[in-house]
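need a 3D model of the following:
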Amino acid sequence: MDNTEQQELNEAIRIRSDKLRALAAEGADPFEQVRYDRNSDAATIKSGYPDNDGKEVVIAGRLTAKRVMGKASFARLTDGSGSIQLYVSRDDLGEDKYAAFKKCDIGDIYGLKGKIFVTKTGEISVHVSDMTLLAKSLIPLPEKFHGLKDTDTRYRQRYVDLIANPEVKDVFVKRSLIIRAIRNFLDGEGFLEVETPILNTIPGGASARPFITHHNTLDIDMYMRIAPELFLKRLIVGGFEKVYEVGRLFRNEGMDTKHNPEFTTVELYQAYADYTDMMDITERMFKHIADSVLGSRVFTHQGVEVNLDTPWKRVTMAEAVKEYTGIDFADTDLDALCAKAKSQGVELPKEITWGRLLYSVFDQKVEEKLISPTFILDYPIEVSPLAKKKAKDKRLTERFEFFISGREMGNAFSELNDPIDQRERFMAQVRDRLNGDDEAQMMDEDYVNALMYGLPPTGGLGIGIDRLVMFFTDQSNIRDVLLFPTMKPLKKD
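Got it, this is the predicted structure:
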């Protein structure tokens with residue numbers, strides 16, 4: 001905002017503040033209002049017409065448009081359900097109230113009474129008989145309510161964004177419906193929703209850099225959870241056979257169109273199942289969400305038609321790498337594989353192994369090309385410390401991630417339940433951590449202890465809800481599906 005715009009804004013705020021002081025001096029301070037009883041809203045009025053023609057209603061909302069025409073005026077009131085036109089006249093309100101209405105500002109919040117009617121142009125409206133100012137808006141709405149376009153301001157002041165851009169609200173209504181659909185689906189599948197700690201003494205369950213805080217009473221550092229996985233699997237050990245958790249995770253990592261430091265996931269675990277069962281659950285869940293929220297399994301995402309009734313592609317990581325890059329990891333000559341990867345611009349891992357190289361090529365050259373729903377199977381053991389080894393190839397694990405529109409949407413394993421193997425993998429992670437990998441996992445002795453009591457064969461699945469919402473609401477930036485995304489503070493002048 002330049003100096004001229006700031007001066008104009010300051011002047012507008014001064015004028016509105018003067019109006020508020022004048023109202024208070026007259027004994028009409030709107031902020032003294034405690035409550036306002038309504039019996040209808042904009043959507044109900046419109047959906048009930050013409051059966052409710054002539055009915056008196058009491059509604060409330062924000063004034064979002066006003067057109068004064070002498071003794072009568074038209075205005076628009078917006079509430080949580082939508083907006084409706086108002087007809088306001090001096091003859092109905094009286095001189096004083098009509099004069100007060102003419103002085104009101106766009107953004108002011110009103111309660112009003114009136115009768116439903118339809119104008120000559122066919123618009124369902126309310127003929128106002130009484131109005132009460134319930135809250136004074138001291139800052140003008142952006143661009144005279146033609147919309148707030150600056151994305152930085154939209155994310156920082158979501159409350160203004162929701163007022164100025166009604167379509168934004170629809171995204172977050174769908175987000176709520178999507179989360180409800182997930183819960184309904186899993187409840188229907190016999191899963192039990194549980195809660196696990198957010199403050200942890202060990203940041204386990206994923207490879208990520210944690211946020212660190214300090215517990216004053218215990219005088220210990222603690223970590224905001226990066227995943228609930230290890231606690232949920234403890235519950236499988238304890239005898240729960242199907243559990244899930246919808247919750248917030250925190251990872252102290254980079255920010256871009258696909259990543260926010262705090263985000264929402266659903267994780268679920270099922271005893272006596274494996275990663276193929278998790279693929280089936282994923283497909284059924286997505287169909288259920290589409291049916292519940294969109295009413296169709298065929299829709300468009302980022303200009304591409306998606307048909308969830310079409311079986312999702314299932315391909316191993318090595319097969320996908322060969323398909324998209326031509327590099328065949330059936331070759332065991334590591335030097336030759338490195339040369340081929342470098343020739344395609346792949347940044348090689350610091351510690352080169354067959355598995356780390358395979359993952360690097362996939363991550364850098366294949367992932368973004370997976371547009372249609374695709375399960376990528378059989379991840380290298382080096383990047384899968386919690387997944388069970390493949391019986392026929394110990395370099396790989398029974399793990400998949402699934403991708404849509406070039407984005408990883410979820411992660412699943414046939415869970416590792418061998419406590420000896422798990423301890424060895426934790427130790428490998430500890431060595432990686434000592435060698436400078438601050439995303440490597442720590443040793444969790446209690447989790448290994450739990451496995452020693454016996455974890456049945458188990459399938460586990462985690463899905464990023466924010467990215468899932470992006471998919472179902474056709475958004476390309478994660479900040480557009482987070483009501484209050486993490487933002488760098490503005491510098492003070």
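
packing partners of the strand ranked longest in the chain?
If you go by DSSP state E, the chain has its longest strand at strand 56-69. Judged by 3 or more C-beta pairs under 8 Å, 6 or more residues apart in numbering; DSSP states H and E, the packing partners of strand 56-69 are helix 42-47, strand 72-79, strand 82-89, strand 109-118, strand 124-135. The way it works is simple: take the backbone N, C-alpha and C, and place the C-beta from them, glycine included.

between strand 82-89 and that strand, find me the angle.
Orientation of strand 56-69 against strand 82-89 (axes from the mean of the first three to the mean of the last three C-alpha atoms, to 10 degrees) gives an angle of 70 degrees.

any stretches of the stretch 51-200 of the chain with poor pLDDT?
Scanning the stretch 51-200 of the chain for pLDDT under 70 picks out 143-147.

show me where the stretch 301-450 of the chain has helices.
Ranges of helices in the stretch 301-450 of the chain, per DSSP state H, counting those that start in this stretch, are 317-325, 334-343, 354-365, 419-434, 445-453.

who touches the fourth one?
I take that to be helix 419-434. Here helix 419-434 makes contact (C-beta atoms under 8 Å, 6 or more residues apart in numbering) with 207, 351, 381-382, 385-386, 389, 416, 440-444, 447-448, 451-452.

wait, what's in contact with the spatially closest residue to Ile220 that is not a sequence neighbour?
Closest residue in space to Ile220, ignoring its immediate chain neighbours: Thr201 at 6.9 Å, by C-beta to C-beta, 6 or more residues apart in numbering. When contacts are counted by C-beta under 8 Å, 6+ apart, Thr201 touches 220, 222-223.

in strands, which of the residues you listed fall?
Counting by DSSP E, the contacts of Thr201 place 220, 222-223 in strands.

now do the longest strand of the chain and strand 109-118, the angle between them.
Here strand 56-69 runs at an angle of 100 degrees relative to strand 109-118 (the same axes, to 10 degrees).

so which bits of strand 56-69 are buried?
Going by neighbour count (16 or more other C-beta atoms under 10 Å), the buried part of strand 56-69 is 57, 59-64, 66.

buried ones among the contacts of Thr201?
Among the contacts of Thr201, those classed as buried by 16+ other C-beta under 10 Å are 222-223.

that older thread, among the helices of the stretch 301-450 of the chain, which gets the worst mean confidence?
Here the helices of the stretch 301-450 of the chain differ in mean pLDDT, and the lowest is helix 419-434 at a mean of 93.

ok and that one relative to helix 445-453, angle-wise?
If you take the same axes, to 10 degrees, helix 419-434 sits at 160 degrees to helix 445-453.

now helix 419-434 - C-alpha only, PDB.
Extracted C-alpha coordinates of helix 419-434, given in PDB (Å, rounded to 0.1, in the frame of the first residue of the first chain):
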ATOM      1  CA  PRO A 419      11.400 -55.700  17.100                       C
ATOM      2  CA  ILE A 420      15.000 -56.800  16.300                       C
ATOM      3  CA  ASP A 421      14.800 -55.500  12.800                       C
ATOM      4  CA  GLN A 422      13.100 -52.300  14.100                       C
ATOM      5  CA  ARG A 423      15.900 -51.700  16.500                       C
ATOM      6  CA  GLU A 424      18.500 -52.100  13.800                       C
ATOM      7  CA  ARG A 425      16.700 -49.600  11.600                       C
ATOM      8  CA  PHE A 426      16.400 -47.100  14.400                       C
ATOM      9  CA  MET A 427      20.200 -47.400  14.900                       C
ATOM     10  CA  ALA A 428      20.700 -46.700  11.200                       C
ATOM     11  CA  GLN A 429      18.600 -43.600  11.600                       C
ATOM     12  CA  VAL A 430      20.600 -42.600  14.600                       C
ATOM     13  CA  ARG A 431      23.800 -42.900  12.600                       C
ATOM     14  CA  ASP A 432      22.300 -40.800   9.900                       C
ATOM     15  CA  ARG A 433      21.400 -38.200  12.500                       C
ATOM     16  CA  LEU A 434      25.000 -38.200  13.900                       C
END
